[in-house]
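A.B. asks: here is a sequence together with a model predicted from it:
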Amino acid sequence: MKNVDQSPSVEKMTAITNVRIFDGEKVIESRSIVIKGEIIVAVGGDIPANATIIDAEDGTLLPGLIDAHVHTSIGGLRDALNFGVTTELEMNGDFTARGRAIQLKNTDDIADVRSAGTAVTAPGGHPDELLPDGDEIPEFVLKELEKLSKEDREAMLAAYAHDHEEVPQVTTVEEAIKHVHTQVENGADYVKIMIEEGTVMGASGLPVLSDEILKAAVDEAHKLDKVVIAHVLTAHSSQTAIDLGVDGLGHLFIDRPDYTPELVQSIVDSGAFVTPCLVLNSSIIGNPASQLANDPRVHSKLSPEWIDILNSSFNTFPQGNIENSYKNVMDLHRAGVDILVGTDVAPVPVPNLGGLAHGASVHHEMQLLVTAGFTPIEALQSATSKPARRFGLYDRGRIAEGARADLVLVNGDPTTNISDTLSIKAVWFKGLQKQS
């Protein structure tokens, strides 16, 4: 695809015509939009005489996709944008407002990012079991650095140094409150708590903070007007998180106990959303994402290292059953719980964190939601308007007048065949068409 408009001038206009439009909620009758600067200024209506016209040839225009659960890097954000994922929501990391100012200066070919900062967890608790030992920068990070420009490399080294400073200990109510304030002062966009004792992660017995301490963190975050998300992977920890008053569950419980209906109703009554990360559940059970990796629409856009990661899996809970996850997510969906698309992909290709890749796994997650029983339109809503609404990103996730022009043009019709989301013709980020 050619870069139609690299000028930041707000005076230049682009019209995308002859296009099927999914506006984030539904397919609408209008067959054209007009972009001026970063903003969609018209949906339907007359085409301005001075507009550059792009004939979509009966393709489908989608809002930029949102991954509501990642751990990311500059390279990850770049890969995400290649797959039409224009926003990533980091759930433990350093892309807070402070981190973005340090790391993303003069970087404009990447997806947008928001972050929880450092999650509230016990000393030695999750995700410590997944991280390399020692203070030296691990080899997989060094390899990633070699691919970056000098500026990107320096930014990533600065971020890595910050990430691996002594993490503030959270062992008391007072420390939990202080930790939440520190994250918010750093510009955290929301707050994350960890409730993970390790059963399905192959690390049984991980330390977890007491309910009293976690409740203090949740309440303090709410006082500061922040959404709180809980890492949970079992039904028991999910119920605990709901009882603590969180706003969203960062995963879907992988088991299916007898009290599942009561848990589902508890989540409904709380108003919480769920980001199931079915792609992660599948990987934990031992399923690699090889079909995705072998899709030429994916294989052509990822490095060999990421393709290798897709062809592997976590495989920490092989006794699990993906059908349980499908039933769980459908019970929640039918009950009216907001389901958001998320992947839990790692910042860089780490051998033991398999089955996931930036950008590509968002498309895989939508496919798994449809396999579970979602309609394609419902899966698309979960990757666009729903995460935008639940995280207060009111300028995106929709195709409407006044919305930011984050857009994905695809061949085919993903509102009837979800796999067509991977047939990407063009991506616009803040009104500019990305060069392929």
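C.D. replies: Looks like it came in fine. Numbers count the residues shown, from 1 in each chain.

A.B. asks: and the residue of the chain most remote from its centre, what element?
C.D. replies: Distance from the C-alpha centroid of the chain, by Cα atoms, centre = their mean, peaks at Ala49 (38.4 Å). Secondary structure from DSSP states H and E places Ala49 outside every helix and strand.

A.B. asks: now for the residue lying closest to Ala56 once chain neighbours are set aside: which residues touch it?
C.D. replies: Excluding the flanking residues, the one nearest Ala56 by Cβ to Cβ, 6 or more residues apart in numbering is Val19, at 3.6 Å. Placement of C-beta: from N, CA and C, glycine included. Residues counted as contacts of Val19 (Cβ atoms under 8 Å, 6 or more residues apart in numbering) are Arg31, Ser32, Ile33, Ala56, Asp58, Gly59, Thr60, Leu61, Leu409.

A.B. asks: filter those down to the buried ones and hand me the ChimeraX line.
C.D. replies: Here is the ChimeraX command that selects only those of the contacts of Val19 that count as buried (16 or more other Cβ atoms under 10 Å):
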select :31,32,33,56,59,60,61,409
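
A.B. asks: the contacts of Val19: which two are farthest apart?
C.D. replies: Ile33 and Asp58 (14.9 Å; Cβ to Cβ).

A.B. asks: neighbours around Arg297, how many?
C.D. replies: Counted with other Cβ atoms under 10 Å, the neighbours of Arg297 add up to 17.

A.B. asks: and it, backbone torsions?
C.D. replies: Note on Arg297: backbone dihedrals following degrees, to the nearest 10 are phi -70, psi -20.

A.B. asks: where does the stretch 101-250 of the chain dip in pLDDT?
C.D. replies: 131-168 (pLDDT under 70).

A.B. asks: which residues of it fall in strands?
C.D. replies: 112-115, 191-194, 228-231, 248-249 (DSSP state E, counting those that start in this stretch).

A.B. asks: repeat that for the stretch 251-400 of the chain.
C.D. replies: Counting by DSSP E, counting those that start in this stretch, the strands of the stretch 251-400 of the chain are 273-274.

A.B. asks: hey, where'd the helices end up in it?
C.D. replies: Secondary structure of the stretch 251-400 of the chain, counting by DSSP state H, counting those that start in this stretch: helices at 260-270, 278-285, 290-294, 296-299, 304-310, 322-334, 360-372, 376-382, 385-390.

A.B. asks: how about the ones you listed in TSV, adding distance to Glu220 and mean pLDDT?
C.D. replies: Below are the helices of the stretch 251-400 of the chain laid out as TSV (distance: least, Cβ to Cβ, whole Å; pLDDT from 0 to 100):
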stretch	distance to Glu220	mean pLDDT
helix 260-270	19	98
helix 278-285	28	98
helix 290-294	40	98
helix 296-299	41	98
helix 304-310	36	97
helix 322-334	28	98
helix 360-372	31	98
helix 376-382	29	99
helix 385-390	20	98
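
A.B. asks: out of these, indicate the one that is most buried.
C.D. replies: Compared across the helices of the stretch 251-400 of the chain, helix 278-285 shows the largest average neighbour count, a mean of 26 (mean count of other Cβ atoms under 10 Å).

A.B. asks: ok now it, how far from the chain's centre?
C.D. replies: 15 Å (Cα atoms, centre = their mean, to the nearest Å).

A.B. asks: now it - C-alpha only, CSV.
C.D. replies: C-alpha atoms of helix 278-285 as CSV (Å, rounded to 0.1, in the frame of the first residue of the first chain):
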residue,chain,number,x,y,z
LEU,A,278,-8.6,-17.4,25.4
VAL,A,279,-5.3,-17.5,23.4
LEU,A,280,-3.5,-17.7,26.7
ASN,A,281,-5.8,-20.4,28.2
SER,A,282,-5.2,-22.4,25.0
SER,A,283,-1.5,-22.1,25.4
ILE,A,284,-1.5,-22.9,29.1
ILE,A,285,-3.4,-26.1,28.2
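
A.B. asks: which among the contacts of Val19 gets closest to Arg389?
C.D. replies: So of the contacts of Val19, ranked by how close each gets to Arg389 (Cβ to Cβ), first place is Leu61, at 19.8 Å.

A.B. asks: I'd like the secondary structure assignment at the closest one, please.
C.D. replies: strand (DSSP: H, G, I helix; E, B strand; the rest coil).

A.B. asks: for Lys425, which of the strands of the stretch 101-250 of the chain is the nearest?
C.D. replies: strand 112-115 (21.1 Å).

A.B. asks: circling back to that earlier point, how about the strands of the stretch 101-250 of the chain in TSV, adding mean neighbour count and distance to Lys327?
C.D. replies: Below are the strands of the stretch 101-250 of the chain laid out as TSV (neighbours: other Cβ atoms under 10 Å; distance: least, Cβ to Cβ, whole Å):
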stretch	mean neighbour count	distance to Lys327
strand 112-115	24	31
strand 191-194	27	26
strand 228-231	27	21
strand 248-249	28	16
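
A.B. asks: for these, which one sits closest to Asn328?
C.D. replies: strand 248-249 (10.9 Å).

A.B. asks: which helices and strands sit right next to the closest one?
C.D. replies: If you count contacts as 3 or more Cβ pairs under 8 Å, 6 or more residues apart in numbering; DSSP states H and E, strand 248-249 packs onto strand 228-231, helix 235-244, strand 273-274.

A.B. asks: can you lay out the contacts of Val19 as TSV showing pLDDT and distance to Arg78?
C.D. replies: Output for the contacts of Val19, formatted as TSV (pLDDT from 0 to 100; distance: Cβ to Cβ, whole Å):
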residue	pLDDT	distance to Arg78
Arg31	96	32
Ser32	98	30
Ile33	98	26
Ala56	97	25
Asp58	96	30
Gly59	98	24
Thr60	98	24
Leu61	98	23
Leu409	98	19
